[in-house]
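[1] whatever this is, show me its structure:
(2 chains)
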Number of protein chains: 2
Amino acid sequence: MKELVFGHKNPDTDAIVAAKAYSYLLNQLGGQTEAVALGEPNDETRFVLDHFSEPYPRVISEAGSETKQVVLVDHNESQQSVDDISDLTVTHVIDHHRIANFATAAPLYYHAEPVGCSSTIIFKEFKQSGVDIPQNLAGLMLSAIISDTLLFKSPTTTDVDIAVGKKLAEIAEVDYEEYGLAMLKAGTNLSTKTAKELVTSDAKSFEMGNKTIRVDQVNTVDLNEVFARENELRSAIEEQNKDNGYDLFLLMVTNILDSNTRLLAIGSGQDVVEKAFGQGLANDKMDLPGVVSRKKQVVPPLEEAFN
Amino acid sequence: MKELVFGHKNPDTDAIVAAKAYSYLLNQLGGQTEAVALGEPNDETRFVLDHFSEPYPRVISEAGSETKQVVLVDHNESQQSVDDISDLTVTHVIDHHRIANFATAAPLYYHAEPVGCSSTIIFKEFKQSGVDIPQNLAGLMLSAIISDTLLFKSPTTTDVDIAVGKKLAEIAEVDYEEYGLAMLKAGTNLSTKTAKELVTSDAKSFEMGNKTIRVDQVNTVDLNEVFARENELRSAIEEQNKDNGYDLFLLMVTNILDSNTRLLAIGSGQDVVEKAFGQGLANDKMDLPGVVSRKKQVVPPLEEAFN
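    Coordinates of the predicted model:
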């Protein structure tokens, strides 16, 4: 029976690429796996897959009808995983996030490191196994690292991500600066998206205290362009909170050119958000200079303030 | 600030050795760590440390007064860890057990594999880092593998454990069969132990369903010698259940020569134990031929039957 390999819901480039890369490696080592996705690729990921002539992955909403064993990449928390995850056996995890809401009945392979991108860890797995990375796959993995680290500018970036990214650029025969900027810009085409798409496409849920916090991130090259649509975004967020029972919704709008974020916080617990970031909200908004990383700069202070 | 490295409560040989070995490796790579233990070494571990002239580790009952950062080896579940684990930041985990009751606020280094022994994984960490294993440390790590795999006879044993064990035996210049039998026998000297010592020295707690299950394992070369003390053991177990609120206590008495276990089950949920192993209890006991591994042959069927 084939094992399915997938990243988190609302897949970003790393979620889709890491699944493809790790599935390829497992199969080279004798496994029988297929990389799938828990959602359609976003604009950035389409740009990446098209650029390297790689097919889009099959999208699934449940796994139990075709397998009992799954491999998770770029996530571990059950609410970010496939809906029927509790009925499945997780055999491997490759991840670079905190561990939470994750439990297994049996031992498993788990390789996590506090680096900027899951694909960086998968590069190490290739090296350890002595398996070569094909040129196109190297291009995909490089793209995932550029995406997660915002071209090595995010504070989640480690020396290892930079070294691995440069090696992958060599294998892929890509000028990573030029390619990276084009790729990031391809992901910021917000004008064609509905407000609902903007508040759902990269959103993740977190359990903190007894609350469900939804955190979405939208990358842009112009904050004003996004906040010109603030009323629309507010309505879409209120609808999300109501329909899905989120206690609090945080929309991070991040300018990838100057590495700043403006936060829009809607729901209960705004006082805790103010405590977490040490400043007040004005009309539900605050500016977070230098903040670009949900995982490293937004979730930990929230976690601490809520618990 | 020094990070503390430790294995689980009621430490067995792997819990103590893996802490020593991983602390040594981290320090070689520039870390500042100290290997400590959450309990005194048992008879087997004393034999090992004495044989290779290694000092006994310092025993701690809490870590927060001396550090905020800790490294876990050979466990991850909070109830098996230091009492104040929830106040500490876990930076690394090296383990070969299921993941449960474990959560972090931030990303960390986590390397788990479904192999027989944590020290097998640490051997791989040495190789990946290009750090040599000193002769005495190789002897300790070999001892941990022999202990956890019962000289490669437990079903938890993988080909990797055997290959790593043989390499370590070469580095340590030890005849692993002869040394291994002597070491295992050193751990089965039960006559000098009180019933309370027997039911606590290798016991671990597990949350299953809404119950707290305590599972202890005693190795012997003669089942009858242990069950001659059954009344004493029953009293000690009932006291454990009462004093600590365990719902159910399972004592695995394992004959390491012929690889069989006799189980004594005391507390509520005996019907679930019968379901888990597909046979009835007679006077609270059942024989489990071929069963030697708590982790692989006892916990998973219990987990399935309780959940």
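[2] going forward, measure contacts and count neighbours with C-alpha atoms only.
    Fine.
[3] the strand or helix carrying A:E239: what's the following helix or strand?
    In the assignment (DSSP states H and E), A:E239 maps to helix A:230-244. Of the helices and strands lying after helix A:230-244 in sequence (DSSP H and E), the nearest is strand A:248-255.
[4] run through the neighbouring helices and strands of that next one.
    strand A:211-220, helix A:223-227, helix A:230-244, strand A:260-267 (3 or more CA pairs under 8 Å, 6 or more residues apart in numbering or on different chains; DSSP states H and E).
[5] just tell me which of the ones you listed ends up closest to chain B.
    strand A:211-220 (14.4 Å; CA to the nearest CA).
[6] any weak-confidence spans in the stretch 1-150 of chain A?
    Counting by pLDDT under 70, not a single residue of the stretch 1-150 of chain A qualifies.
[7] all helices of it, in order?
    A:13-28, A:43-51, A:118-129, A:135-149 (DSSP state H, counting those that start in this stretch).
[8] who's in contact with the first one?
    Outside helix A:13-28, the residues that touch it by CA atoms under 8 Å, 6 or more residues apart in numbering or on different chains are A:5-8, A:32-37, A:41-42, A:44-45, A:48, A:57, A:72-74, A:117-119, A:122, A:126, A:131, A:137, A:140-141, A:143-145, A:147-148.
[9] quick one, which of those are buried?
    A:5-8, A:33-37, A:41-42, A:44-45, A:48, A:57, A:72-74, A:117-119, A:122, A:126, A:137, A:140-141, A:143-145, A:147-148 (16 or more other CA atoms under 10 Å in any protein chain shown).
[10] of those residues, list those near chain B.
    Filtering the buried ones among the contacts of helix A:13-28 for proximity to chain B by CA under 8 Å from any CA of the partner chain leaves nothing.
[11] what parts of chain A come near chain B?
    Checking chain A against chain B by CA under 8 Å from any CA, the hits are A:96-114, A:128, A:295-296, A:300, A:303-304.
[12] switch to 7 Å and redo it
    Proximity of chain A to chain B, by CA under 7 Å from any CA of the partner chain, involves residues A:96-100, A:102-114, A:300, A:303.
[13] please pick the buried ones from those.
    Buried, going by 16+ other CA under 10 Å: A:96-100, A:102-114, A:300, A:303, out of the residues of chain A next to chain B.
[14] okay, and which of those residues map to strands?
    A:Y109, A:Y110, A:H111, A:A112 (DSSP state E).
[15] can I get these in CSV including distance to B:E170?
    Shown next, in CSV, are those (distance: CA to CA, whole Å):
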residue, distance to B:E170
A:Y109, 27
A:Y110, 29
A:H111, 28
A:A112, 31
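[16] which single one of the residues you listed is nearest to B:V160?
    Taking CA to CA as the measure, A:Y109 is the one of these closest to B:V160, at 13.6 Å.
[17] name the residues linked to the closest one by a beta bridge.
    Under DSSP bridges, the beta-bridge partners of A:Y109 are A:H92.
[18] residue in the stretch 201-307 of chain A nearest to chain B?
    For the stretch 201-307 of chain A, CA to the nearest CA, closest residue to chain B: A:P300, 6.0 Å.
[19] just to revisit the earlier point, which strands and helices sit next to the helix holding A:E239?
    helix A:195-200 (3 or more CA pairs under 7 Å, 6 or more residues apart in numbering or on different chains; DSSP states H and E).
[20] packing partners for the helix or strand following the helix it packs on?
    Next helix or strand after helix A:195-200 toward the C-terminus (DSSP H and E): strand A:204-208. Counting by 3+ CA pairs under 7 Å, 6+ apart, the packing neighbours recorded for strand A:204-208 are strand A:211-220.
[21] list the strands paired with the strand it packs on, with their directions.
    Partners of strand A:211-220 in its sheet, by DSSP bridges: strand A:204-208 (antiparallel), strand A:248-255 (parallel).
[22] how much does that strand deviate in direction from helix A:230-244?
    Calculated by axes from the mean of the first three to the mean of the last three CA atoms, to 10 degrees, strand A:211-220 forms an angle of 150 degrees with helix A:230-244.
[23] per-domain residue ranges of chain A.
    A:3-186, A:195-306 (automatic domain parsing).
[24] tell me who's in contact with the closest residue to A:Q297 other than its chain neighbours.
    Using CA to CA, 6 or more residues apart in numbering or on different chains and skipping the chain neighbours, the partner closest in space to A:Q297 is A:V291 (6.3 Å). Applying CA atoms under 7 Å, 6 or more residues apart in numbering or on different chains, we find A:V291 in contact with A:S259, A:N260, A:T261, A:Q297.
[25] which of the residues you listed ranks first by neighbour count?
    A:T261 (25 neighbours; other CA atoms under 10 Å in any protein chain shown).
[26] who does it bridge with?
    Under the criterion used (DSSP bridges), A:T261 bridges to A:T254, A:L288.
[27] wait, it sits on A:L251?
    No - the pair A:T261 / A:L251 is not scored as a contact, 9.6 Å apart, by CA atoms under 7 Å.
[28] and A:L184, what element?
    helix A:176-186.
[29] mind exporting that helix as PDB, just the C-alpha atoms?
    Output of helix A:176-186 as PDB, limited to C-alpha atoms (Å, rounded to 0.1, in the frame of the first residue of the first chain):
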ATOM      1  CA  TYR A 176      19.100  32.700  -7.000                       C
ATOM      2  CA  GLU A 177      18.800  36.500  -6.500                       C
ATOM      3  CA  GLU A 178      17.300  37.300  -9.800                       C
ATOM      4  CA  TYR A 179      15.100  34.100  -9.800                       C
ATOM      5  CA  GLY A 180      14.100  34.600  -6.200                       C
ATOM      6  CA  LEU A 181      12.800  38.200  -6.600                       C
ATOM      7  CA  ALA A 182      10.800  37.200  -9.600                       C
ATOM      8  CA  MET A 183       9.400  34.200  -7.700                       C
ATOM      9  CA  LEU A 184       8.500  36.300  -4.600                       C
ATOM     10  CA  LYS A 185       6.800  38.900  -6.700                       C
ATOM     11  CA  ALA A 186       4.800  36.300  -8.500                       C
END
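[30] who's in contact with it?
    Contacts for helix A:176-186 (CA under 7 Å, 6+ apart): A:D43, A:E44, A:F47, A:V48, A:I146, A:S147, A:L151, A:A169.
[31] average model confidence for it?
    In this model, helix A:176-186 carries a mean pLDDT of 93.
[32] which parts of it are buried?
    Result for helix A:176-186 [16+ other CA under 10 Å]: buried residues A:Y176, A:Y179, A:G180, A:L181, A:M183, A:L184, A:K185, A:A186.
[33] next: stretch A:270-289.
    A:Q270, A:V272, A:V273, A:E274, A:K275, A:A276, A:F277, A:L281, A:K285, A:M286, A:D287, A:L288.
[34] cool, stretch A:150-168 as well?
    For stretch A:150-168, by 16+ other CA under 10 Å, it's A:150-158, A:161-162, A:164-166, A:168.
[35] off-centre distance for it?
    16 Å (CA atoms, centre = their mean, to the nearest Å).
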